[in-house]
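Visitor: Take a look and give me a structure for this.
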Amino acid sequence: MTETLASWPAVFTDSAGRVTGFWGLTISELSPAHRYESGGRVLYAWCAWDTLFLPGRLGQPARVTSTCPVTGELIELTVTPDGVTGTSHPEPVVSFLVPSGPFDSGVIESFCHFVHFFASRQAGEQWAASRPGTFLLTLGEAAELAARANQRMFPDVLGTR
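Guide: Okay, the predicted model is just below:
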């Protein structure tokens with residue numbers, strides 16, 4: 001089992017070898033924090049986009065809270081396996097970065113640190129202006145991308161939504 005886990009990309013373990021994080025979700029609070037409440041548990045996502053695809057993969061709704069890195073405003077979302085059903089802001093955006101390589105153990109630094117929720121397009125544009133390679137998606141576009149990624153990676157399990 002240890003060899004199998006070691007061969008998978010993006011699996012994090014503690015000093016005792018217990019899994020503490022896998023493919024976008026962890027039991028440890030990260031900075032910046034993308035709080036992910038689901039099934040009576042509080043977990044943390046590695047980036048904003050993770051909070052959009054994980055409810056579909058896990059088959060459970062989630063309450064997501066994250067802080068806009070520019071304004072400091074708390075952004076709250078309700079995300080179900082079928083998509084975003086509620087948001088605290090009328091037009092939040094999500095920063096994104098085209099990955100430069102495969103998602104491996106460095107995914108948090110090479111990708112996730114560039115993927116955040118913003119309270120407004122103006123806040124997102126201000127942040128992205130100093131980060132080459134980043135661009136903005138509306139919340140709807142980011143959620144659609146998450147749904148497409150889920151369908152592509154797990155068509156037999158998730159079916160067609």
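
Visitor: Once you drop chain neighbours, what's closest to residue 58?
Guide: residue 38 (6.7 Å; CB to CB, 6 or more residues apart in numbering). C-beta here means a position set from N, CA and C on the backbone, and glycine is covered the same way.

Visitor: ok, what's across the strand from that neighbour?
Guide: residue 41 (DSSP bridges).

Visitor: For it, give its distance to residue 92.
Guide: 20 Å (CB to CB, to the nearest Å).

Visitor: These two: who's more crowded?
Guide: residue 92 (26 against 19; other CB atoms under 10 Å).

Visitor: And the average pLDDT for the helix or strand hosting residue 96 is what?
Guide: Using DSSP states H and E, residue 96 sits within strand 93-97. Regarding strand 93-97, the rounded mean pLDDT is 94.

Visitor: Only C-alpha atoms, please: export it in CSV.
Guide: Extracted C-alpha coordinates of strand 93-97, given in CSV (Å, rounded to 0.1, in the frame of the first residue of the first chain):
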residue,chain,number,x,y,z
VAL,A,93,-14.2,35.5,-10.5
VAL,A,94,-11.5,32.8,-10.3
SER,A,95,-7.9,33.2,-11.3
PHE,A,96,-6.4,30.4,-13.3
LEU,A,97,-3.1,29.3,-14.7
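
Visitor: Name the strands paired with that strand and say parallel or antiparallel.
Guide: strand 117-118 (antiparallel), strand 134-138 (antiparallel).
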